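>>> coords please:
(one chain, ligands or ions: 1)
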Amino acid sequence: MNTSRRDFLRYGLAGTTLSVAAAHSGIARASTSGPAGAPGPGRAVRLRPFLEPLPVPGDGIVVATPTAPGTYHFALRQIRRRLHPQLPRTPVWAYDDGSGLGGQAGSFGMAIAAQTGTPVQVSYTHRLPARYPSWIPVDTRLTPLGRQVRMMAHLHGGFVAAADDGNPMVTPDGFGPGETQSVTYPNEAPQQSARLMWFHDHAMGATRLNVFAGLAGAYILRDQHDTGTEPNPIGIPGGAYEIPLVIQDRQFNLDGTFRYPVSSIPGVTWIGEYFGDHMLVNGKVWPYLEVEPRLYRFRVLNGCNARIMSLDLGGVPMWQIGAEGGMWDRPVRMERLVLTPAERADVIADFRGFEGRSLVVRNATPAPPVSTPAPPLPTVMQIRVGTSVTHRGPRHIPHDLPGQAARLPRAAVTRFITLNELEPETDGWWLNLNAAHFGKASEHPRAGTVEDWVFVNLTMDTHPMHTHLFTHQVIGRVPFDAEAYEKKHEGRFGVPGGIDPHPFATGPMLPPTPDERGFKDTTKVNPGTFTIVRGRIELPAGVRAPQSYVYHCHIVEHEDNDMMQSFTVLPH
Ligand SMILES: [Cu+2]
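Residues are numbered from 1 along each chain as shown. Prediction:
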């Protein structure tokens, strides 16, 4: 049955079942002390919010220094950083550009700044511990080489050759201690216009752990319009007035280590979703940011393992100008930003009229049709608005932007991909795509083809589906009778791929939401509907088919066990 786990979580059908489900969700303590109802690390410690400034590029986040033009060498290392004044120093895994990371203030501390049209070469060398330390609970049923730490960097949103993608279809075992992964990111136009991407670990069966430990960095692409400086041709804030906000939730142990709960099911370590009880922004717990009463640009990334957020900026008006696939054709006024893991929002916020006020960026439980078992974690960070302006900057929200709304021609091919959850709360608990283990149900699109991919959700949760290689346009969502579809077509491991759910539709297609105006690389696949996305399958210049990639749920616990499949791009 696909639905039983969420029934337990939502309704708490029996006391014992609820407590088991809660333990799996990472709610380890019942205490509600501390800010925003968040329990501290253990019952004894309460962390006070808003004590430390938000790390920003150049001040707490290292902007990577190339060793030669367009060449970066990273060593993956374990470092220690104080993520909050009341916490001991926390071991974190980091990408060291050779600087020694003296400029990294928190657990998120590295950014690559790249230019559209200029390729970069990057190497990643494994200098991490050879085996997982005790604070990282590996589930050896899921990893290729037991407790040995394997790493593999993936440029999320990158338009790259399969061998440079850092994906487990090409490199199932990843890279071990002392080994180096060397890749080229072509940054070619038009597929890689200015946008915020991120690079993070993608090791098979251990992505959730390696990212949790800190292996994530920002990758900011600029082009002739979006220069990042101020003034710029678009008329948007830049320089110190453009700020990334990478939001991640974590739990802590009393010794300062990140805490990752383990399953209470005998023989199982893996948990279904990791939810923290502290919010980190750019690697610091509940930080504050001082702003001037003028326009700002925020590049928001949900870097959580599993938490879906619904954010507001403390009542400040905001306009979204882009998402994963870069800038849009015009700004769209937004009340909230609903972001699943790996989704990004490029927004302009207007602090004029808020002089002298302290605002709190808040996270709410997302409204339906988004569905998540996450316990509430309302407080994100504080914004302190000053009373004077150093550089006045742009005064208006631009009417037009140099980007695009997503508008692809009719698809030539349609693929139907099912999302199944099997045997929840047992030692056989797993999630899958197309009723198959990873790699056993590959798609074979042809280069140059526009395709519709229809994600058929047979679970009770929202799953953020991420496509490597190509961005996609959200076409819409069709309500359907999932139970009847499942009953008719269910096999041993769920409903296999390739079966059109349209005969089970219960209403007309719902259009994309306003934040789905442009191209995306990660899209909400909500329960109760099937979600249609459209993409053009292309390869970078000079890259010859066949090339293999993956697509998966970006709740990284799901991806690891094992809601991921592959696709191989064939010649035209
Ligand atoms: Cu999922």
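>>> Show me what from this protein comes close to the ion.
Neighbours of the ion within the chain, by Cβ under 5 Å from the ion: 463, 553, 555, 558. The way it works is simple: take the backbone N, C-alpha and C, and place the C-beta from them, glycine included.
>>> Next step: the residues you listed restricted to strands.
Counting by DSSP state E, the members of these that fall within strands are 463, 553.
>>> Identify, from the residues of the chain next to the ion, the entry nearest to T372.
I555 (9.1 Å; Cβ to Cβ).
>>> What is the burial count for the closest one?
27 (other Cβ atoms under 10 Å).
>>> Kindly report the same for R294.
21.
>>> now swap in E421 and tell me
Using other Cβ under 10 Å, E421 is surrounded by 25 other residues.
>>> Mind listing the residues bridging to it?
Beta bridges link E421 to L431, judged by DSSP bridges.
>>> Strands of the stretch 101-250 of the chain, residue ranges please.
110-115, 120-126, 153-156, 180-185, 195-201, 216-222, 242-252 (DSSP state E, counting those that start in this stretch).
>>> My read is that R222 contacts T118, right?
No. The criterion here is Cβ atoms under 8 Å, and R222 misses it with T118 at 9.6 Å.
>>> before we move on, the earlier item: give me the ChimeraX select line for the residues of the chain next to the ion, limited to the buried ones.
Under the burial definition 16 or more other Cβ atoms under 10 Å, those of the residues of the chain next to the ion that qualify are selected in ChimeraX by:
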select :463,553,555,558
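>>> any chance of the residues of the chain next to the ion in JSON lines, with distance to L51 and pLDDT too?
As requested, the residues of the chain next to the ion are arranged in JSON lines below (distance: Cβ to Cβ, whole Å; pLDDT from 0 to 100):
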{"residue": "H463", "distance to L51": "36", "pLDDT": "98"}
{"residue": "C553", "distance to L51": "35", "pLDDT": "98"}
{"residue": "I555", "distance to L51": "31", "pLDDT": "98"}
{"residue": "H558", "distance to L51": "34", "pLDDT": "98"}
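>>> Next one: Q404 from D346, what distance?
14 Å (Cβ to Cβ, to the nearest Å).
>>> If you average pLDDT per helix and strand, which one of the protein comes out bottom?
helix 15-24 (a mean of 29; mean pLDDT, DSSP states H and E).
>>> residues in contact with the next helix or strand along the chain from it?
Per DSSP states H and E, helix 15-24 leads on to strand 56-57 as the next helix or strand towards the C-terminus. The contact list for strand 56-57 (Cβ atoms under 8 Å, 6 or more residues apart in numbering) reads 63, 111, 218, 240, 243-244, 282.
>>> Show the buried residues in these.
111, 218, 240, 243-244, 282.
>>> Of all pairs in these, which one is the farthest apart?
Checking the buried ones among the contacts of strand 56-57 with Cβ to Cβ, the most distant pair is A218 and A240, at 16.1 Å.
>>> Quick check: the residue of the stretch 351-500 of the chain at minimum distance from the ion vs N432, distance?
Per Cβ to the ion, the residue of the stretch 351-500 of the chain with the smallest distance to the ion is H463, at 3.4 Å. With the distance defined as Cβ to Cβ, H463 ends up 11 Å from N432.
>>> any residues in contact with both of the two?
419, 563.
>>> who has more neighbours, R222 and T118?
R222 (19 against 14).
>>> so where do the helices sit in the chain?
4-11, 15-24, 162-165, 207-212, 482-489, 556-560 (DSSP state H).
>>> which stretch in the ones you listed has the least confidence?
Within the helices of the chain, confidence is poorest for helix 15-24, with a mean of 29 (mean pLDDT).
>>> Quick one: residues contacting the residue nearest to T387 when sequence neighbours are not counted.
Leaving out its chain neighbours, the residue that sits closest to T387 by Cβ to Cβ, 6 or more residues apart in numbering is E355, at 4.7 Å. By Cβ under 8 Å, 6+ apart, the residues touching E355 are 293, 385-387.
>>> repeat for T340
Contacts of T340 by Cβ under 8 Å, 6+ apart are 302, 308, 370, 462, 464, 522, 524, 554-555.
>>> rerun at 6 Å
308, 464, 524 (Cβ atoms under 6 Å, 6 or more residues apart in numbering).
>>> now L337
So L337 contacts 311, 345 (Cβ under 6 Å, 6+ apart).
>>> can you tell me how far the closest residue to T140 other than its chain neighbours sits from A206?
Leaving aside its sequence neighbours, T140 sits nearest to G146 (Cβ to Cβ, 6+ apart; 4.9 Å). The gap separating G146 from A206 is 11 Å, by Cβ to Cβ.
>>> who's more crowded, these two?
In terms of neighbours (other Cβ under 10 Å), A206 is the more surrounded of G146 and A206; the figures are 29 against 10.
>>> In space, what's closest to the more buried one - neighbours in sequence excluded?
A206 sits nearest to T143 (Cβ to Cβ, 6+ apart), 5.4 Å away.
>>> unless I'm mixing things up, that neighbour is touching G205, no?
Yes. With contact defined as Cβ atoms under 6 Å, T143 reaches G205; the gap is 4.3 Å.
>>> Comparing these two, which residue is more hemmed in?
Using other Cβ under 10 Å, the more surrounded residue of T143 and G205 is G205, with 24 against 21.
>>> still on that earlier bit, Q404 and D346: which is more packed in?
The neighbour comparison of Q404 against D346 (other Cβ under 10 Å) goes to D346, with 27 against 17.
>>> The more buried one against E324, yeah?
No. The criterion here is Cβ under 6 Å, and D346 misses it with E324 at 9.4 Å.
>>> Can you tell me, leaving aside adjacent residues, what's nearest to whatever residue of the stretch 101-250 of the chain ends up closest to the ion?
Residue of the stretch 101-250 of the chain nearest the ion, by Cβ to the ion: R208 (11.4 Å). Of all residues not flanking R208 in the chain, V556 sits nearest, at 3.9 Å (Cβ to Cβ, 6+ apart).
>>> Okay then, goodbye and thanks.
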